[in-house]
Structures are given as structure tokens and as C-alpha cells.
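[1] Just a sequence and a predicted model for now, questions to come.
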Amino acid sequence: MRVGAMSTASDGTEAKGAAPVTRRSLAPGQRRAWFLQQRDPADADLNVGITYRLTGDLDTALLWAAVGEVVARHDILRTVYGVGADGEPFQSVLADIECAWQDHDLANLPSTSRARRAEVLIRRILGEPFDPTAAPPIRFALIRTGADEYVFALVAHALCWDDESWDIFARDLTAAYNGQLPTGPALRYAELAVGEPDSSTVDTGVDYWRAELSPLPESLELPGHATLVPGPAAARRSVRELPAELVSAVDKSAAAESVLLVVFQVLMRRYTGSPDFLVSVPVTTRTGEALPDRPDAPIGYFGNTVLLRAAVDDRRTFAEFVAAVHDSMERAHEHRTVGIDRVVAAINPERTGDRDGLDQLVRLGFGVRTAPAGPALDGVIAARLDLGSPTPRVPLRLSVIRDGAGAYLEAEYATGRFAPELIEQLLTHYLGLLGAAMAAPERPIGELDLLGSAESARLLELSRGERVPAAQTTMVALFEERVLIAPEATALVAPGHLFGEQPVPDRELTYGELSRRANRLAHWLIGQGLGSEDLVALRLSNSVEFVVAVLAVLKSGAAYLPIDPAYPDERIDYLIADARPHLVLGRVELEAAESVAVVAPEHDPSDADRVRPLRPGNLAYVIYTSGSTGRPKGVPVEHAAIADHLLGFRAQWEMTADDRLLQSSSVSFDASLLDVFVTLTLGARLIIPRPGGFSDLAYIADLVTRCGVTVLHMVPSLLRTFLSLPQVSDWRTLRFVPVGGEALPGEIADRFTGLLDAELRNHYGPTEAVVSATHMPVEGPQGNRIVPIGRPNRNVDLYLLDERLHLVPPGVIGEIYLGGPQLARGYLDRGPATAERFIADPFTPGARLYRTGDLARRNLAGAVEFVGRADEQVKVRGYRIEPGEVQAALGTHPQIRDCVVAVVGDAGSGPRLAAYLVPESAVPELDTVRAHAAARLPEYMVPTAYAVIDAIPLTEHGKLDRRALPAPVHLTTRPYREPVTAAEIRLAALYGQLFGRDRIGADDSFFELGGHSLLANHLVARIRAEFGFDIDVRAVFDTPAVHGLAAVLEATARDKEQHE
């Protein structure tokens, strides 16, 4: 490698040497680039690069001489930058410079090593940051890769370069190499781009943008995985050719650029679910003498970014929307010269961390541009390579690039945010949507086909579980089949325990004994006039008696309503009043009924005995939902639905009559159905713990070992607690652990696989779709992610749909709709609620779907990932947050055994994220916990309020009891604190001058007071004048509070004294 410098000289009208000459202020567009450069001097975000493969008889000496001539011709390429005493940035042109260049020869390397080494070199050259204060922001490299083959790389800083500069540079380089460069310099950049704009024009423009962008839309939730972990983001590009027929169709429009933008906006509406968001669009401010087709046109940044609001109304026709967007673009064009920094300062978005507001405001970019021209060097063929800027300006930008008569799409995206497969899918959908729009511009945009028939068919296939003939039987028939097979097998085991001071002996029932006892009670119920479609409320806890009563009710033909006697009396009274059961059996009533029924027949009741026949379509049970939204609603389920579910569950888990299942769910929780009926329809053994046993987890852990439990169903939060017990290592008989009811954090799954040799499966399903609708075998490390809920169960349909009941693509959030023979009837005596939630299946005529209200996405492997509730979205400062993801990050702290995250706050303070922590032993410092989370999560996902608790409070269903959570401590609650140190007092005075406030506290933040990027430089200038030394503007963003920045100033002053 050779590293050198090319000496360049201007036309002699300026002083020679490296000393800077006339200072000029920055152009409006340059200010944004300068601010970003000062904020992150070590980043290469503002590097713009291009690479060409040069093949032929290249004269390298002539090439470098030609490059030097071009640099000498354009003063912006000989410009350095600084900040004046007033805090205002300036630029100065050097008379001549030695331009940095690199020369590498890889021709002697093996071909595979050569290509790999060349790419590494180019990425390193493109990614090396500039220091515009020390040297002009441009560099070159030439890499020899063969006898007559080279790679030529040019890298410039955005301070001196716009899209049109590529063409100007290529034209001038061609002319210089071929001996045709015009004499004299190009027009001076500063004279054309820099000037004091008319204040009234600026004010009018700022007013326009303030009105156009207010109120700001919520921050956009991008498709794909939700968490963007802090760290450097690399840019990747994906290119797709635009078919000629589409290019021709677009070009026939009078508003071709608007057509292309509208398709992108509609696509993002489908991908994000948001009808209102911002798209950044690059614009040029070149006019007159600065236009690139002039032979003396200057290189330089004549650009700006405008923010276009996408207000997507699905009911509008495509043509109407194009017309509206075209008008909006024309208005934006009139005000394009207002610098984006001024716009951001005017709308003053809320900041997160060290960002200035624009980063969170704009997540999407779009542009239409012409492909840059390549140099046409005599005897050399130049071909552009696909290696550009090293980091993305926004997470996702789509460009339509015109190249001769054709065009192609280029998606530039952040690799840490998007999977390449998702971007390829997005490009395919853009082309499909564009084709659909061109074919039917008068169609409402909400009805434009996104997927196409082939992809729709594939998604429908993924949405449907294995198909087998639906069960046409009853729970009674399934149980009685098992009794006939093995009547002497043990069905129920209730291990002995102490009840107060009194010992309760072990109890066991065989299948025959259980059936005969239930038959006697069933005949008694029939004698009371109860039959099919009648409802019997069972006010009983988990016990042998509860199982007997359930079987007796079902055998009589009636249906049962389980009521946990531990419920508050008010809730029990409500359930009975709402369901209006024909009979209520508590423990006392059941004992009385059984004492009378002791003389009743012991044979299985038949339809001849029953009041009315029992059919698969008859009601089996009613279970009430938790009532998280309004009053609880009863969910009636038929025999055929629960029978079909149980048969599928048994087949899926490969359980046998040798299994032993521990009853772990409250009788009022639909998972109790699995405990009882999976066991008894298999001929397996049900282990019933003592009343209230799950409040003593050490007892349960011992019971699992003592009774040889093989199947244990529970919610993830309970599993987390179990895994912290030492007795778990003794669970050697455990084979299967189905979990559900909550999101399963990956760290719990990993802890499980590290401790137990059992199969863990994650399930999802609402009561309205019979216990569980999906399954996900948990295999391999899960890390910090939330474990997917997997794929639909046998005979279950799970569709992810948008508001218009259209299938959403993989990676895109949709609402879960469930279908198939396992759905409940609806809601008990609630016609309007049933009609709202149980709708006609748009994919299967005559069938129904249940609208769950849950949000999910399908990952690229085809598994479904649960996101949260549609009607209870956790949003903080406009960001949708997945609490399970935050919990997973907090759970990796060594001093935290368990945790839960919730949103707290009121109308005054707004929503805040709170973390409730169960420590391992010693209580951790809350500041260290917050720092731990901040190192793993984006700033907006870091909880700002904390509480340390003894255990996670759970409801009777084993789910989080939010009402039992204490008030957390807000770490960001800051009463006024007087500045104490000399640096704090002086700095507080500077804050007061900037913001016009008399009282500034030591904890007041620069940004919370209204600071922005323009003011940050002014603050640095005032600090220089007040303290006599410079600090990096980045320090203002890293430590915006008075006390934090004062500490930086004190440390800087000490360092300065030590070196003097």
C-alpha cells in the first residue's frame, strides 16, 4: 500500500499555503451536517462514497493528476470548517492542499483472497471518519485487482457533496484525464449557496412547516423485530429492477414522482398499520448558475431534507391520493430552502437520550434520483460497484433510481434493524402494489392487492393447522371409553396433608370407582330435572369432589360453570346472577346430594335415562373471562369443540396412560380443563394438591418429586419462580411442561433447559377458542427474545389480519383471528358482544372467526410472535413497547430473580414505564439496574420508575395482579435542587441566559428546557467565553443536566491545569 498526497493549486487568486482565507458562514443545508459531525466526530454517518471498477489501459499517474485538477477547480473540496467565538460555524477555503489518497496493489493475491481483501479495504476507506476542522473532507483510493483492472473509490463528507456533485465530478474528471478540462475554476460554492435569506421568507417557511407537521404523528413502529439495541448500525443495500412496463406506465402520469412516493406511503401504511407518519425526502436547492448541466457548475451541498406527512386514508382512490400528495409536494417545494434544523427547532419534538429529535421523528426516507454518471476515461471502461455509504441516514430508505431509459429500486436499511429477507419481501410488495395501482388507479388504496395470489395461498397454508376430521363426540363418551379399557387403573390421587392440626389421609380413586360415584350423582341430577343445555354452577376448589361433580354434571347431559370459592363474594354473586344456573352446588350442597344419591343407580346414564338427549353440539361448560376490560363475560363451549381440542392436544404431546399430571390451575381458569380432561380421557393419573397448595411452592416442588409427576402445566411467571427453587433439580420424572397464559421470556426458557431434561412448549389461546390454539416446541437458546407462540394446533386456523381483514405479510403486525371447529358459541346472553367478536370467516364460506384483540407477527421462519393487546397497547412517549422484552433484559441482571414491567402514570405526568423487581437476596441499587437496562435497550424502553417487592402478585388464574402492585419510585422525578459548586452556578446562569429563565436547578436538563441542536453550539460558545476552554458539543448531549455538564467542565479544567 502507498499512502500519499496530491498537491493541488487554485487559479492563483487566493493566497498560497495551508492557511485558511476568507471565512463564510455555512449554507442552511450544511448546518445539519455540521451539527451531526460535531455531535459524533468519530462516526462515519455523513460519509458519502462511490466506487467504480476501471478496466483497461489505465494511466494511474494521469488519473491522480486529473483528480488533483478537479480538486483545484472546486473550492469546496479545499474547504475546512470551524466554530467562531459566537458559537457560529464557518467554512474557509484553502488556497492549495495536499489531497489524501491511497494506492493498493492486490493483483498478486489469489482471486478469492483478492476479492475479499478489496471489499474489506473499500469498506474501511468508506467508513473512516473525517475531521473537517483539520483537512478538506474528501479522500480517494485506487486498488489494483488485476493486470488491467482497478477499483477507484471516492469518499466525501456531506458538508461538501450532494447527488448532483457525482455527475459534476465525473464530467470534470473525464475532461481532465482526457485533456479537455476547461481552464479556470468552477463557480464558487460559497458565493452561490451561502447568503442571508430574507427573514420574512424564512419566517413564512417555518410557519408553514410548523402548521404542516403539528401535531406530530406518533413515532412509527417499523416492521420486523421491535427492539433496536443501541450500537453502530451498518448500511446494506438491496436493488431490484423496475419492469419496463411499469416504468412506462408511471411515466405516462403527469405526476410520476408523486405516484412512486404514494406507493411507498401505502406500502408503509400496510407494513406499519399507521395511517399517519413522516417520510424524509431529499431536495435540491440548486437553481440558475448552480444547475449541474452548466460547464462551470460547482460541486457542493445544495441540498436539504423536507418532511412529508403521509396521511393515508384507505377509502381514497389511488388517483385521488396521488393528486393530494402532488399538491403537498409542490407546497413543500416552495419552502424547501428552510433548513431542516430550523424546522426541528420549531416543532421541538421530544428527545430521547443524546438524539436531537429528528432521529426519532423520521424513520423512513424516499427519493427519486438519476443514477450518477461514471467517468468516461480514454481506453478505460468504468462500472459502478454496489458499495456506498457505510451507515444509514434513516433506518429504511427507498430510492427509485433512473438509469437511462430504465429504472431500479434501491433499499438502504440498517442491518441491525431489518433482516435482508424482509427487505427483499418489501421490494417485491412495492412492485406488486405499483402494478396494482397502475392497473386500477380508481380503486380505493385499501383494496389494492399487496400479496398476489401465490403469496396469499402460501400464507393461508401457514395459517392453518393440520387437518383431520373434526371430533363428533362428547366428553362423556371419551371418559367412558377409558373406564371400559382399564377400570382398575388409578384415576385420582390426593396426597395426604395436614388440615390445621388434623392429618388428612391419602385418597385415591380408580377409573371404575370415579365413574360409579359420578354416575350416582348424575342420576340424582337427572332426577332434579336437569338435562342438556341446563347449567349447573360448581362452587368448588380443586379436589376429588370437584372432579366427581364435573363428570356427574356432564353425564347428566347438563353443562357446568366452575366458580372458585376463593373469589370475593361480590364476584361470585355476579357470576351466579349473570349465568342464571339451574342449580348451585357448593361443598355442603354436594355432600348432601351425594348422601342422597348413594342409593342411585351406578350404571352410565344413557339418553333413555336423561331428560333430553346428549349430543356433541350440546353445551359442555361455561367459563367466565377475567374481566380485564369491563365486566366478566361467560364463554359457552360445546362438547365437540373441547373434545376436538383434547384429542389434538393428546396427539401433539404423545402422552400416554402412564403419565401423571399435577392439577395446577384454578377451576375457573380454562387451563383446568387440560388438567382434568386430558388426564382422564387418556387413562392417566391426576395428582390433586391440597387446597391452596400453590401458595406454598416448596410443597408443590416436593409433591412433583414424591408423586413422580410427568406433566406440569403452568404460566411462565410461575415457572420462573419454580426454577429458583433448589428442589427443581430433583424433578427427574418430568417429561412435558406446557406453558401459556402469558408471554414466555427467552431467559426463562433457557434457564429451564439448563436445569431440566423435559420438553417445554409454549402455547397461546383465549378462552373463546378453547384453552390453547397454538404450540411452539422450545428448542435451542432463546436469549433475550420473547419465545414465539408457534403455529396453529390441529384443526385450528390462525390468521394475522389488518383492519380490512386482509392477510398481513411476514414481519408485519396484525391482529390474531382464530377459526375452526374449536371455537366457543360466543358470549353468554350477549348478542352484540358476540356479533362484534365472532365474525364471518372471509376465507371459508359458512365458517366463523374469533377476533382476539391480540397483536402478533409471523417471523421469517413461519412461527407467530406475540406482540401484545390491540386495546391495551403499552405506549410511552409515542413508542409501542413490549413489556416482555424489557423484562427479559432486566432479568439478566445478576441480582434480580424475577421482575414485571407495567405502565404507570396519570394525565398530569403521562405514562411511564415501571419495573417491579424481586431480588435474589440483597436489594440492588436501582440506578445500577437502570444502567443495566440502558446498556441493552433503546432509551425509550428503559423503565424510569422502580419498586422492589417480595414476589410478583398473581391473580387466582396465575396471571399478574396489577392492582396489587405498589406505587413505584420515579427515578426521574426531580424537585428543584440549588446549584452548589462554582461550575454548577456559572453553568446554570448560562442556561438561564439561553432560555430566558431566572431559576435553573442543578438537575435541569438542556433538552427538557427546550434546547435543540442549534442552541447546543451556542451553549458551547458561551462556555468557551465563560470558562476559557472548549468542550465537544457531544458533551451537551451526553450530559444535558446542569450538574452533569458542570462535572465535565470541572474535569476538563483540571486536565487543562495539569498540562500547563
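    Right, received. Where do you want to start? Predicted model, so just to flag it, every value in this text is computed and none were measured.
[2] Helices of the stretch 451-600 of the chain, residue ranges please.
    Across the stretch 451-600 of the chain, reading from the start of the chain, the helices by DSSP state H, counting those that start in this stretch fall at 452-462, 475-485, 511-527, 544-556, 569-579, 587-597.
[3] What ranges in the stretch 1-150 of the chain fall below the confidence cut-off?
    Filtered on pLDDT under 70, the stretch 1-150 of the chain yields the residue ranges 1-21.
[4] Return the most buried member of the helices of the stretch 451-600 of the chain.
    Using mean count of other Cβ atoms under 10 Å, the stretch among those with the largest mean neighbour count is helix 544-556, at a mean of 25. From N, CA and C alone the C-beta is placed, and that goes for glycine too.
[5] could I get it in PDB with only the CA atoms?
    Output of helix 544-556 as PDB, limited to C-alpha atoms (Å, rounded to 0.1, in the frame of the first residue of the first chain):
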ATOM      1  CA  VAL A 544     -61.600 -35.100  44.200                       C
ATOM      2  CA  GLU A 545     -65.200 -33.800  44.800                       C
ATOM      3  CA  PHE A 546     -64.800 -31.200  42.100                       C
ATOM      4  CA  VAL A 547     -63.800 -33.900  39.500                       C
ATOM      5  CA  VAL A 548     -66.700 -36.100  40.600                       C
ATOM      6  CA  ALA A 549     -69.100 -33.200  40.300                       C
ATOM      7  CA  VAL A 550     -67.900 -32.200  36.800                       C
ATOM      8  CA  LEU A 551     -68.200 -35.700  35.500                       C
ATOM      9  CA  ALA A 552     -71.700 -36.100  37.100                       C
ATOM     10  CA  VAL A 553     -73.000 -32.900  35.500                       C
ATOM     11  CA  LEU A 554     -71.700 -33.900  32.100                       C
ATOM     12  CA  LYS A 555     -73.000 -37.400  32.300                       C
ATOM     13  CA  SER A 556     -76.500 -36.000  33.200                       C
END
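[6] so what secondary structure elements neighbour that helix?
    Other helices and strands packing on helix 544-556, by 3 or more Cβ pairs under 8 Å, 6 or more residues apart in numbering; DSSP states H and E, are helix 475-485, strand 490-494, helix 511-527, strand 535-539, strand 559-562, helix 587-597.
[7] Contacts only, for Ala244.
    Gly406 (Cβ atoms under 8 Å, 6 or more residues apart in numbering).
[8] what residue ranges in the stretch 551-700 of the chain score low on pLDDT?
    Confidence mapping of the stretch 551-700 of the chain against pLDDT under 70 gives the ranges 626-630.
[9] hey, C-alpha coordinates of stretch 606-619 in CSV?
    Coordinates of the C-alpha atoms in stretch 606-619 are reproduced here as CSV (Å, rounded to 0.1, in the frame of the first residue of the first chain):
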residue,chain,number,x,y,z
SER,A,606,-77.9,-43.1,28.6
ASP,A,607,-80.2,-40.9,26.6
ALA,A,608,-83.0,-43.1,27.7
ASP,A,609,-82.3,-42.0,31.3
ARG,A,610,-81.7,-38.4,30.5
VAL,A,611,-84.3,-35.6,30.4
ARG,A,612,-83.0,-34.7,26.9
PRO,A,613,-80.5,-36.5,24.7
LEU,A,614,-76.8,-35.5,24.9
ARG,A,615,-75.3,-34.6,21.5
PRO,A,616,-71.8,-33.3,20.5
GLY,A,617,-73.3,-30.0,19.8
ASN,A,618,-74.7,-29.5,23.3
LEU,A,619,-73.2,-27.2,25.8
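[10] roughly how far apart are the nearest residue to Val969 once chain neighbours are set aside and Val918?
    Nearest residue to Val969, sequence neighbours excluded (Cβ to Cβ, 6 or more residues apart in numbering): Tyr946, at 5.8 Å. Separation of Tyr946 from Val918 (Cβ to Cβ, to the nearest Å) stands at 12 Å.
[11] more neighbours, those two?
    Taking neighbours as other Cβ atoms under 10 Å, Tyr946 and Val918 compare with Tyr946 leading, 22 against 17.
[12] the strands in the stretch 51-200 of the chain, which residues?
    Defined through DSSP state E, counting those that start in this stretch, the strands belonging to the stretch 51-200 of the chain, from first to last, are 79-83, 89-94, 96-105, 138-146, 149-157.
[13] Any buried residues in the last one, and which?
    Of the residues in strand 149-157, those buried under the neighbour-count criterion (16 or more other Cβ atoms under 10 Å) are 149-157.
[14] Now flag whichever of the residues you listed is closest to Glu865.
    Of all the buried residues of strand 149-157, the one sitting nearest Glu865 is Val155; the distance, using Cβ to Cβ, is 39.4 Å.
[15] Tell me if I'm right that that closest one and Val48 touch.
    Yes - if you go by Cβ atoms under 8 Å, Val155 and Val48 touch, sitting 7.3 Å apart.
[16] Could you list the domains of the protein?
    2-193, 233-332+358-373+391-460, 480-505+638-843, 511-614, 872-970, 982-1058 (automatic domain parsing).
[17] give the contact list for Pro487.
    Under the criterion of Cβ under 8 Å, 6+ apart, the neighbours of Pro487 are 510-512, 515.
[18] and Val715, how many neighbours?
    That count, for Val715 with other Cβ under 10 Å as the rule, works out to 21.
[19] Now the buried residues of strand 149-157 in CSV, please, with extra columns for distance to Asp276.
    Formatted as CSV, the buried residues of strand 149-157 follow (distance: Cβ to Cβ, whole Å):
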residue, distance to Asp276
Glu149, 51
Tyr150, 49
Val151, 44
Phe152, 45
Ala153, 41
Leu154, 40
Val155, 38
Ala156, 36
His157, 34
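[20] Glu320 - that's part of a helix, no?
    Yes - the assignment for Glu320, made by DSSP: H, G, I helix; E, B strand; the rest coil, places it in a helix.
[21] Show the contacting residues for it.
    Listed by Cβ under 8 Å, 6+ apart, Glu320 has no contact partners.
[22] neighbours of the nearest residue in space to Glu164 that is not next to it in sequence, just the number please.
    Nearest in space to Glu164, with sequence neighbours left out and distances taken as Cβ to Cβ, 6+ apart, is Pro292 at 4.1 Å. A count of neighbours around Pro292, defined by other Cβ under 10 Å, yields 20.
[23] OK, contacts around Pro292?
    Residues touching Pro292, when contacts are defined by Cβ under 8 Å, 6+ apart, comprise 164, 167-168, 286.
[24] now for those residues, which pair is the farthest apart?
    Across the contacts of Pro292, the longest distance by Cβ to Cβ is 11.5 Å; it joins Asp167 and Arg286.
[25] buried set for the lengthiest helix in the chain?
    What stands out as the longest helix in the chain, according to DSSP state H, is helix 420-439. By neighbour count on 16+ other Cβ under 10 Å, the buried set for helix 420-439 is 422-423, 425-438.
[26] That one packs against which elements?
    Using 3+ Cβ pairs under 8 Å, 6+ apart as the contact criterion, the secondary-structure elements in contact with helix 420-439 are strand 235-241, helix 244-251, helix 256-272, strand 406-414.
[27] Now whatever helix or strand comes next after the longest one: buried residues?
    Remark: after helix 256-272, the chain's next helix or strand is strand 276-284, criterion DSSP states H and E. Across strand 276-284, burial judged by 16+ other Cβ under 10 Å covers 277-284.
[28] and those as JSON lines, adding pLDDT?
    Formatted as JSON lines, the entries for those read as follows, by pLDDT from 0 to 100:
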{"residue": "Phe277", "pLDDT": "93"}
{"residue": "Leu278", "pLDDT": "94"}
{"residue": "Val279", "pLDDT": "96"}
{"residue": "Ser280", "pLDDT": "94"}
{"residue": "Val281", "pLDDT": "95"}
{"residue": "Pro282", "pLDDT": "92"}
{"residue": "Val283", "pLDDT": "93"}
{"residue": "Thr284", "pLDDT": "91"}
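[29] Of those residues, just say which sits nearest to Tyr189.
    Using Cβ to Cβ, Thr284 is the member of the buried residues of strand 276-284 that lies nearest Tyr189, at 13.8 Å.
[30] Can you verify my assumption that the closest one contacts Asp163?
    Yes - taking contacts as Cβ under 8 Å, Thr284 lies within contact range of Asp163: 7.3 Å.
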